[in-house]
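Trainee: Predicted structure and sequence below. I'll ask about it afterward.
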Amino acid sequence: MQAQRLRIAIIGGGIGGLTLALALQQRGLAADVYEQAPQLTEIGAAVALSANATRELRRLGVLESVAAASTEPTELIYRSWQDGQRIAAHPVRNGLRYQQRFGAPYYGIHRADLQRVLSTALGGAGLHLGHRLHTISDQGDAIAFEFNNGRSIEADLVIGADGVRSVICEWVTGGEGVTYSGTSAFRGIVPASQLPTLPDPQAIQFWMGPNAHLLHYAIGGGGEDVNYFAVMEGPEAWRDSGSMAEIEPGRALQAFKGWHPAVTEMIAAVPHHKLWGLFVVRPLLQWHRGRALLLGDSAHAMVPHHGQGANTTIEDAITLAELLAGTTASGLDAMMAHYQSLRRARTRKIQRSSWATNALLHLPDGPALAARDRKVAAFPEDFAWIHEFDALQSARSGQPSGMALAG
Ligand SMILES: Cc1cc2nc3c(=O)[nH]c(=O)nc-3n(C[C@H](O)[C@H](O)[C@H](O)COP(=O)(O)OP(=O)(O)OC[C@H]3O[C@@H](n4cnc5c(N)ncnc54)[C@H](O)[C@@H]3O)c2cc1C
C-alpha cells in the first residue's frame with residue numbers, strides 16, 4: 001500500500017490535530033480530523049507561541065495570518081509580588097532581539113484566532129465536528145473506533161490529539177497517564193485600557209510571590225487585550241471529576257490579597273466562578289499501541305510555566321507529518337517507534353523543567369530569593385535549547401536535538 005492511501009484519523013481538532021492535518025495536507029497526505037465540539041471556538045484563553053513553533057507556522061505558510069492576530073511582547077519581565085520591583089528584564093520585540101537570536105518571532109495570540117487560522121488554511125478538508133470518540137478496538141493492521149453520534153470508523157493509523165484527558169492515551173497506557181499537579185489557576189482576558197496601574201502592559205510579565213504567581217501578556221493585533229493566568233499551590237487533592245471546580249465569589253481575589261494593585265486589579269476585572277485544576281501526563285514509557293499513537297497533551301501535558309504545551313505539540317505535529325510522508329503501511333510500526341524516540345526525551349526534559357520552575361516562581365520572601373533572582377536573570381540563555389529547536393530539521397536528520405536552521 002502506498003503512503004498516500006493510508007487511512008489516517010486524527011482525534012481532536014485542537015492545536016495539535018489541526019497543525020498535523022495541515023502539515024500532512026502540504027505533504028500530499030489526506031487525514032480525517034474528528035473533533036467532539038460542534039464548533040471550533042475556545043473561549044477565554046490565549047497561548048504564547050515561541051520560535052520553536054513559529055518557525056514551523058512560517059513553513060506552513062500561516063505565520064502572516066497568525067501575526068495579524070498576535071502581539072509580540074516588548075520584553076520578558078520578572079517582578080516581585082508586593083512592590084512590583086523589576087527583578088529581571090529581557091528584550092523580546094525591543095531591538096528585535098528575540099527574533100535575531102532564535103530566527104522566528106514570539107507571539108501572544110487568542111487560542112480561537114490560532115484555531116481559525118489553522119482551520120482556514122486547511123480549508124475544512126476532512127474536518128468532522130460533533131464527533132466525540134468513546135470506544136476503540138484493535139483490529140491488528142487497523143484500528144476501529146466509535147463516536148457518540150453513532151458513527152463507526154476504521155483507519156490504518158489513529159492519532160490521539162485529544163488533549164490532556166485523552167481517550168487514546170487511556171487506551172495506550174491502560175489509564176496511567178493523567179494526574180493532578182497539586183496546583184490550580186484562574187485565567188482571564190481584560191482590555192488593557194481597564195488596567196491603569198499595570199506597568200509595561202505590552203510586556204510578558206511574571207509576578208512572583210509566596211505560593212503563587214501571575215503571568216500575563218498582550219494579545220490581539222494591537223495588544224489591546226491582556227491575557228492572564230494566575231497559578232496557586234493547592235488544593236492538595238482534586239476532588240472534582242473534571243478540570244474545573246465551582247468556587248465561591250471573591251475566592252480568586254482572596255488568594256492574591258496583599259499583592260501589587262496591578263495584580264489585584266487584573267483579577268478583580270473578571271468574575272471568577274471556577275477554579276481550574278492543572279493536570280499533567282506522567283512521563284510515558286510508550287507513546288503507541290497497535291495502530292494508535294499519541295501527540296501533544298495526550299502524550300506529555302505539562303504545567304504551563306515555560307509556556308511550551310502548545311509549542312511542543314506543534315513540534316510533535318511537524319515531526320510526525322514529516323515521518324509519515326515517507327512511510328508505507330508496512331513501515332508504520334517502525335515509524336511510530338522513530339517518532340517516539342525523537343519526541344519523548346525532549347518533551348520529558350521540558351516537562352521536568354516546567355515543574356522545577358513551579359517552585360522557583362512560588363518562593364516565600366527570604367534568603368532563597370537571591371538565588372531565584374540570579375536564575376531568572378539568566379533564563380533566556382539557560383532555556384535557549386527550548387527556543388532554538390528545529391523540529392523539521394530533527395525529523396529530517398533523525399536527531400532528537402534539532403538546532404534551528406538559519407532564518
Ligand atoms: C492555563 C494554560 C495556559 C497555557 N499556556 C500555554 C502557552 O502560553 N504556550 C503553550 O505553548 N502552551 C500553553 N498551554 C498548553 C497548551 O494549551 C496545550 O499544551 C495545547 O493546547 C495542547 O494541544 P493539543 O492539541 O494536544 O490539545 P488541545 O488543544 O487541548 O486539543 C484537544 C482537542 O481534542 C478534543 N477532544 C478531546 N477529547 C475528545 C474526544 N473523546 N473525541 C473527540 N475530540 C476530543 C478537544 O475538544 C480539543 O479540541 C497552556 C495550558 C494551560 C492549561
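Mentor: On my side now, so go ahead. Numbering: from 1, shown residues only.
Trainee: Spell out which parts of the chain neighbour the ligand.
Mentor: Residues of the chain lying close to the ligand (Cβ under 6 Å from any ligand atom) are 11-17, 34-37, 47-48, 131-133, 161-163, 167, 185, 187, 229, 296-298, 304, 307-311, 313. Backbone N, C-alpha and C define where each C-beta goes, glycine included.
Trainee: Pull out the buried members of the residues you listed.
Mentor: Buried subset of the residues of the chain next to the ligand (neighbour count, 16 or more other Cβ atoms under 10 Å): 11-17, 34-36, 47-48, 131, 133, 161-163, 167, 185, 187, 229, 296-298, 304, 307-311, 313.
Trainee: Tell me what P91 is bridged to.
Mentor: Beta bridges link P91 to E75, judged by DSSP bridges.
Trainee: Could you list which residues are in contact with it?
Mentor: The neighbourhood of P91, defined by Cβ atoms under 8 Å, 6 or more residues apart in numbering, consists of T74, E75, R97, Y98.
Trainee: Going by neighbour count, which of the residues you listed comes out on top?
Mentor: Y98 (24 neighbours; other Cβ atoms under 10 Å).
Trainee: so what's T313 closest to, chain neighbours aside?
Mentor: Nearest residue to T313, sequence neighbours excluded (Cβ to Cβ, 6 or more residues apart in numbering): G296, at 3.5 Å.
Trainee: Quick check, central residue of this structure?
Mentor: A310 (2.2 Å; Cα atoms, centre = their mean).
Trainee: What is whichever strand or helix holds that residue packed up against?
Mentor: Assessed by DSSP states H and E, A310 sits inside helix 309-325. If you count contacts as 3 or more Cβ pairs under 8 Å, 6 or more residues apart in numbering; DSSP states H and E, helix 309-325 packs onto helix 15-25, strand 46-49, helix 51-59, helix 297-300, helix 332-361, helix 391-397.
Trainee: Redo these as TSV? Include distance to A255 and mean pLDDT.
Mentor: Shown next, in TSV, are those (distance: least, Cβ to Cβ, whole Å; pLDDT from 0 to 100):
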stretch	distance to A255	mean pLDDT
helix 15-25	29	98
strand 46-49	21	96
helix 51-59	31	98
helix 297-300	25	98
helix 332-361	15	97
helix 391-397	37	97
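Trainee: most packed of those?
Mentor: Ranked by mean neighbour count, those are led by helix 297-300 with a mean of 30 (mean count of other Cβ atoms under 10 Å).
Trainee: Dump that helix to CSV, restricted to CA.
Mentor: Taking Å, rounded to 0.1, in the frame of the first residue of the first chain, the C-alpha atoms of helix 297-300 are listed here in CSV:
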residue,chain,number,x,y,z
ASP,A,297,-1.1,17.0,25.6
SER,A,298,-2.3,13.4,25.4
ALA,A,299,1.4,12.3,25.4
HIS,A,300,3.1,15.0,27.6
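Trainee: how distant is it from the center of its chain?
Mentor: 10 Å (Cα atoms, centre = their mean, to the nearest Å).
Trainee: Remind me what it packs against, helices and strands.
Mentor: Counting by 3+ Cβ pairs under 8 Å, 6+ apart, helix 297-300 packs on helix 167-173, strand 274-281, helix 309-325, helix 332-361.
Trainee: Figure out which of those is closest to A245.
Mentor: For those, proximity to A245 was assessed by Cβ to Cβ; strand 274-281 is nearest, at 5.0 Å.
Trainee: who does that closest one touch, helix- and strand-wise?
Mentor: Counting by 3+ Cβ pairs under 8 Å, 6+ apart, strand 274-281 packs on strand 178-191, strand 244-246, helix 297-300.
Trainee: Can you tell me what sits against it?
Mentor: Contacts for strand 274-281 (Cβ under 8 Å, 6+ apart): 164-165, 169, 177-181, 183-187, 231, 238, 240, 243-247, 251-252, 297-304, 351, 355.
Trainee: Put the buried members of the residues you listed into a ChimeraX selection.
Mentor: Selecting only the buried entries of the contacts of strand 274-281 in ChimeraX, with 16+ other Cβ under 10 Å as the criterion:
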select :164,165,169,177,178,180,181,183,184,185,186,187,231,238,243,245,247,252,297,298,299,300,301,302,303,304,351,355
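Trainee: so H273 makes contact with E246?
Mentor: Yes - the pair H273 and E246 qualifies as a contact (Cβ atoms under 8 Å) at a distance of 6.5 Å.
Trainee: Quickly note the distance from the residue of the stretch 1-150 of the chain found nearest the ligand to P304.
Mentor: Across the stretch 1-150 of the chain, the shortest distance to the ligand (Cβ to the nearest ligand atom) belongs to G14, at 1.9 Å. Distance of G14 to P304, given as Cβ to Cβ, to the nearest Å: 15 Å.
Trainee: Next: L363.
Mentor: 18 Å.
Trainee: The residue nearest to the centre of the chain and T19 touch, don't they?
Mentor: No - applying Cβ under 8 Å as the test, A310 and T19 come out as separate, 9.2 Å apart.
Trainee: Look up phi and psi at I204.
Mentor: phi -90, psi 120 (degrees, to the nearest 10).
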